[in-house]
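> Predicted structure and sequence below. I'll ask about it afterward.
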Amino acid sequence: MSEDFFRMLESRRSVRRFETRRPDREVIERLVAAACSAPSNRNRQGWKFVVFQNPLEIASLAEKVRATAATAIANAHPLTTEYAESLPRHAAGFDQAPTLILVMHKKNLAAERAFSSPTLNALATGEALSAAMAAQNLILAAHALGLGACVMTAPLLMGDVWKNVPDLPLGYEPTCLIALGYPAEKPEPPPRKKLHHVLEFRDGHE
């Protein structure tokens, strides 16, 4: 059983092309239940999951993200990177997904008063990291159930788009967006760094 688990981890891929059918409510509830089993800072479970399945709303969000990104690039410094120039396409790459899940983390107002740096705020509260671990649980559970998923952060660079989504949970901020559905592709495994490039032991041995 342990080898099955490791094989599942190694076989998961980020899926960006989906079938038109969408996961039903029971499947999504099961995925979110798996997400909620993730560890969280002081067990606060400071996360929310907002599910979008209306194709018109998803298309509208993608168009707003694409337009906002295009405006940002047009007003940027001429020495923009190739990534920046392709940002409108990448940021709106969720437009064909039958389901979107906006993962959100709770703001910690006490930490905001204690630290002036947004980075220190995030480190002090751990809420964003907790929500990210929940998102990892969710995409692994999706893979185990035969679904495909892709975690996206580029769409959230267009912050005004998400601020204007009505009825989002108060006191929460976006962590990431997950495009979800039944896969219409089987991506090849991407190259991975060798273990010796990422692992260091500080045990005093050569």
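Good, I have the coordinates. Keep in mind the model is a prediction, meaning the values are calculated, not measured.
> And Arg30, how close does it get to Leu147?
Here the criterion is Cβ to Cβ, to the nearest Å. By it, Arg30 lies 11 Å from Leu147. Using the backbone N, CA and C atoms, a C-beta is placed for each residue, glycine as well.
> Val198 now?
28 Å.
> now swap in Gly181 and tell me
Using Cβ to Cβ, Gly181 is found at 7 Å from Leu147.
> ok, how many other residues are close to Glu63?
Neighbourhood size, Glu63 [other Cβ atoms under 10 Å]: 13.
> show me what contacts it?
By Cβ atoms under 8 Å, 6 or more residues apart in numbering, the residues touching Glu63 are 92, 95.
> Am I right that it falls within a helix?
Yes. Residue state for Glu63 (DSSP: H, G, I helix; E, B strand; the rest coil) corresponds to a helix.
> for the protein, what spans make up the helices?
For the chain, the helices defined by DSSP state H cover 2-11, 25-35, 55-74, 82-85, 87-91, 109-114, 118-125, 127-144, 159-163, 195-198.
> For the second one, which helices and strands make contact with it?
If I follow you right, that is helix 25-35. strand 47-52, strand 99-106, helix 127-144 (3 or more Cβ pairs under 8 Å, 6 or more residues apart in numbering; DSSP states H and E).
> quick one: which of those is nearest Arg66?
When the helices and strands packed on helix 25-35 are compared by Cβ to Cβ, strand 99-106 sits nearest Arg66, at 14.8 Å.
> circling back to that earlier point, rebuild the helices of the chain as TSV, extending it with mean pLDDT.
Formatted as TSV, those follow (pLDDT from 0 to 100):
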stretch	mean pLDDT
helix 2-11	92
helix 25-35	98
helix 55-74	92
helix 82-85	64
helix 87-91	83
helix 109-114	60
helix 118-125	60
helix 127-144	97
helix 159-163	94
helix 195-198	95
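> So which of those is nearest Tyr172?
With distances scored as Cβ to Cβ, the stretch of the helices of the chain nearest to Tyr172 is helix 127-144 (9.0 Å).
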